[in-house]
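K.L.:
okay, predicted coordinates and the sequence, questions at the end:
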Amino acid sequence: MTRPLRIEFNGALYHITSRGNARQAIFLNGEDFADFLGILNSVIKRYNFLLHAYCLMNNHYHLLVETPEGNLSKGMRQLNGLYAQRFNQKHQRVGHLLQGRYQSILVDKENYLLELSRYIVLNPVRAGIVKNPKDYRWSSYQGTSGDQKIPGLFSDWILSQFAKEKRKASIQYQTFVLSGIKEASPLEEVKGQLYLGKDTFIDQIGHLLQGKDRLKEIPRKQRYITRLPLREVLKYQNKNQRDHAVYIAHLQYAYSLKEIAEYLGIHYTTVSRAVKRIEEKDE
């Protein structure tokens with residue numbers, strides 16, 4: 001299966017995830033969490049990243065990072081490399097800590113940053129670890145809500161969306177986050193494994209990259225140019241054909257799982273499982 005490649009440019013915003021190899025834990029204790037955050041802070045300073053939100057879980061982490069200098073891969077290489085090295089030394093282990101490369105999704109800042117930041121800090125609540133995000137130590141929630149100062153966290157943009165006065169903005173932010181506990185994941189709307197944004201945003205990215213060498217690195221199936229309507233793509237006669245049609249709609253024509261599910265009148269998890277079945281056959 002083709003691995004999604006990186007799109008980098010000045011001012012790009014990404015949702016980043018990285019998971020433990022074979023689903024193993026990448027944080028065994030509080031010291032590990034603190035070590036990771038220390039390395040992350042140094043990477044932020046060195047590469048001029050803007051960290052809007054984060055959440056560290058037992059076997060994976062989420063970051064919402066903006067790159068004013070278009071240098072995501074350099075910073076992530078240092079972050080994951082240094083942390084894995086320190087973890088292995090501390091716990092006297094060898095081998096890969098993380099499962100392959102990190103996953104990065106290009107995010108439409110104006111339309112999805114707020115919603116995605118909420119989704120990220122609610123991870124511990126959805127996992128049943130805590131009932132309220134304020135009770136989880138290893139996310140950016142306490143920093144953005146004003147309860148704690150977190151080195152390296154850039155909460156200004158998020159708070160500016162609620163109110164000019166910081167304390168008032170923090171209170172409104174808390175209300176916004178808590179109201180999203182039962183909301184669907186915005187990641188259901190990711191298109192082509194690369195983008196989370198409106199069609200206009202994806203078109204803008206295409207224009208931005210047009211003519212640059214970097215565009216040549218993106219597989220044709222992921223360029224999100226003219227695509228067939230779903231009624232043409234989703235033609236099938238049995239379940240096996242449906243799985244293939246769904247896979248093509250999602251991977252080749254960059255329709256989101258949510259768009260496909262709504263068209264077929266089924267739940268998006270059914271669509272997700274269909275895509276995974278085809279991926280497993282291809283491996």
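P.N.:
Yep, it's here.
K.L.:
now the helix or strand encompassing Val275: buried residues?
P.N.:
Taking DSSP states H and E as the definition, one finds Val275 inside helix 268-282. Within helix 268-282, the residues scored as buried using 16 or more other Cβ atoms under 10 Å are 268, 271-272, 274-275, 277-278. Bear in mind the C-beta positions are built from the backbone N, C-alpha and C, glycine included.
K.L.:
so which residues of the stretch 151-283 of the chain form helices?
P.N.:
156-160, 166-178, 199-209, 230-233, 239-251, 257-264, 268-282 (DSSP state H, counting those that start in this stretch).
K.L.:
in the fourth one, what counts as buried?
P.N.:
By neighbour count, with 16+ other Cβ under 10 Å as the criterion, the buried positions of helix 230-233 are 230, 233.
K.L.:
what's the separation between Leu208 and Gly11?
P.N.:
Distance, Leu208 to Gly11, by Cβ to Cβ, to the nearest Å: 10 Å.
K.L.:
hang on, Cys55 in a strand?
P.N.:
Yes: membership of Cys55 in a strand is supported by DSSP: H, G, I helix; E, B strand; the rest coil.
K.L.:
specify the beta-bridge partners of it.
P.N.:
Taking DSSP bridges as the rule, Cys55 bridges to His62, Ser139.
K.L.:
is it correct that it is in contact with Tyr61?
P.N.:
Yes: Cys55 lies in contact with Tyr61 (Cβ atoms under 8 Å); the separation is 6.8 Å.
K.L.:
higher neighbour count, the two?
P.N.:
For Cys55 and Tyr61, the more surrounded residue by other Cβ atoms under 10 Å is Tyr61, and the numbers stand at 28 against 23.
K.L.:
now that one: closest residue in space, sequence neighbours ignored.
P.N.:
Excluding the flanking residues, the one nearest Tyr61 by Cβ to Cβ, 6 or more residues apart in numbering is Ser18, at 5.9 Å.
K.L.:
could you look up the SS state of the one you found?
P.N.:
Applying three-state DSSP: Ser18 is strand.
K.L.:
isn't it right next to His60, touching?
P.N.:
Yes: under the criterion of Cβ under 8 Å, Ser18 makes contact with His60 at 6.5 Å.
K.L.:
where do the contact lists of the two overlap?
P.N.:
Ile26 (Cβ atoms under 8 Å, 6 or more residues apart in numbering).
K.L.:
which of those two has more neighbours?
P.N.:
Legend: neighbour count by other Cβ under 10 Å for Ser18 and His60, higher for Ser18 (22 against 19).
K.L.:
now for the helix or strand Arg86 falls within, which elements pack on it?
P.N.:
Taking DSSP H and E as the criterion, Arg86 maps to helix 72-90. Helix 72-90 is packed against strand 12-19, helix 30-47, strand 60-67, with contacts defined by 3 or more Cβ pairs under 8 Å, 6 or more residues apart in numbering; DSSP states H and E.
K.L.:
most tightly packed of the ones you listed?
P.N.:
strand 60-67 (a mean of 23; mean count of other Cβ atoms under 10 Å).
K.L.:
what residues does that one touch?
P.N.:
8, 10-20, 26, 36, 40, 47-55, 72, 75, 107, 109, 113, 116-117, 120, 123, 154.
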